[in-house]
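> sequence? don't have it. structure:
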């Protein structure tokens, strides 16, 4: 963990573009609450195949304008061309956006071709080519291995290619086994990778939803956690209380061992993140509630 301990610990939050007017208002309320915690940035996801391109743009601009917090849009390789990526980058630059999360992205069902960019390292290299150092570029990291990677070693090489293409820092897929992250950092150090690699944190509030997400993205839910959650059945209050305890302990251990911060996957909700923040003693969130 020596490579990570030298970086200042920063905190950030992820949101997804709202689909309705009411969801837009709810997200604005959420971002204003979490903005009071002074995160380093807030990221906004990008739908499969570019399905939320315009809404991502609108949400990013809205967050940065209304909160003053740096907003970071996701950009995806899938269904993208050099021309439309250049246009999107210029539009973000014109809006004062300086932070990008560059991803390969998920292929929608029925789509046969990924587009002109096959892998995230190609997208990172193109952003650097077109915009030089204007954007701080985040990339994804997978301590438990990308679900489509042939093996762990190949996945680590893919990650290194993204770093060598010009990535400034990385955010991991969420996980609940801290040892997976610690081993991943050790392997990155052996491979000569030296950028901040911030753990992605998914609060546990809905077991069926979490199980579905985890099956899709390859994130492991340890057996002991699954078994405890299964016992609660539909008791959402107990699920939330147990989930907050588990994730708080995970975050505390990561920070104590020197992780360069935390990135919360909020699912556009503030309360679970605020409670974990409070449990960690990161600052008084009372005003944010």
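Nice, I can see it. What you are looking at is a predicted structure, and each value in this text was computed from that prediction instead of being measured.

> for the nearest residue to residue 95 once chain neighbours are set aside, give me phi and psi.
Distances taken as CB to CB, 6 or more residues apart in numbering place residue 61 nearest to residue 95, at 5.3 Å, with adjacent residues excluded. No exception for glycine: its C-beta is placed from N, CA and C like everyone else's. Dihedral angles of residue 61 (phi, psi; degrees, to the nearest 10) stand at phi -60, psi -40.

> look up how far residue 44 lies from residue 61.
Separation of residue 61 from residue 44 (CB to CB, to the nearest Å) stands at 10 Å.

> where does the stretch 151-289 of the chain have low pLDDT?
Applying pLDDT under 70 to the stretch 151-289 of the chain picks out residues 284-289.

> run the last query once more with 50
When residues are selected by pLDDT under 50, those of the stretch 151-289 of the chain lie in 286-289.

> let me see the ranges of the strands in it.
Assigned by DSSP state E, counting those that start in this stretch, the stretch 151-289 of the chain shows strands spanning 169-174, 197-201, 261-265.

> each with direction, which strands does the second one pair with?
Strands flanking strand 197-201 in the sheet, each with its direction: strand 169-174 (parallel), strand 261-265 (parallel) (DSSP bridges).

> other residues contacting it?
4, 10, 12, 141, 169-175, 181, 184-185, 188, 247, 250-251, 254, 259-265, 276 (CB atoms under 8 Å, 6 or more residues apart in numbering).

> try 6 Å
Outside strand 197-201, the residues within contact range by CB atoms under 6 Å, 6 or more residues apart in numbering are 141, 170-174, 181, 254, 259-264.

> that older thread, mean neighbour count and distance to residue 216 added to the strands paired with strand 197-201, as a markdown table?
Output for those, formatted as a markdown table (neighbours: other CB atoms under 10 Å; distance: least, CB to CB, whole Å):
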| stretch | mean neighbour count | distance to residue 216 |
| --- | --- | --- |
| strand 169-174 | 22 | 11 |
| strand 261-265 | 24 | 13 |
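
> among the strands of the stretch 151-289 of the chain, which comes closest to residue 86?
Taking CB to CB, strand 169-174 is the member of the strands of the stretch 151-289 of the chain nearest to residue 86, at 23.2 Å.

> and for the closest one, what are the contacting residues?
Under CB under 6 Å, 6+ apart, the answer for strand 169-174 is 138-139, 141-143, 195-200, 202, 219, 263, 265.

> let's see 7 Å
Counting contacts by CB atoms under 7 Å, 6 or more residues apart in numbering, the residues outside strand 169-174 that touch it are 138-144, 181, 195-202, 217, 219, 263, 265.

> what subset of those residues is buried?
138-144, 181, 195-202, 219, 263, 265 (16 or more other CB atoms under 10 Å).

> with distance to residue 103 added, can I get the strands paired with strand 197-201 in JSON lines?
JSON lines is the format used below for the strands paired with strand 197-201 (distance: least, CB to CB, whole Å):
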{"stretch": "strand 169-174", "distance to residue 103": "10"}
{"stretch": "strand 261-265", "distance to residue 103": "14"}
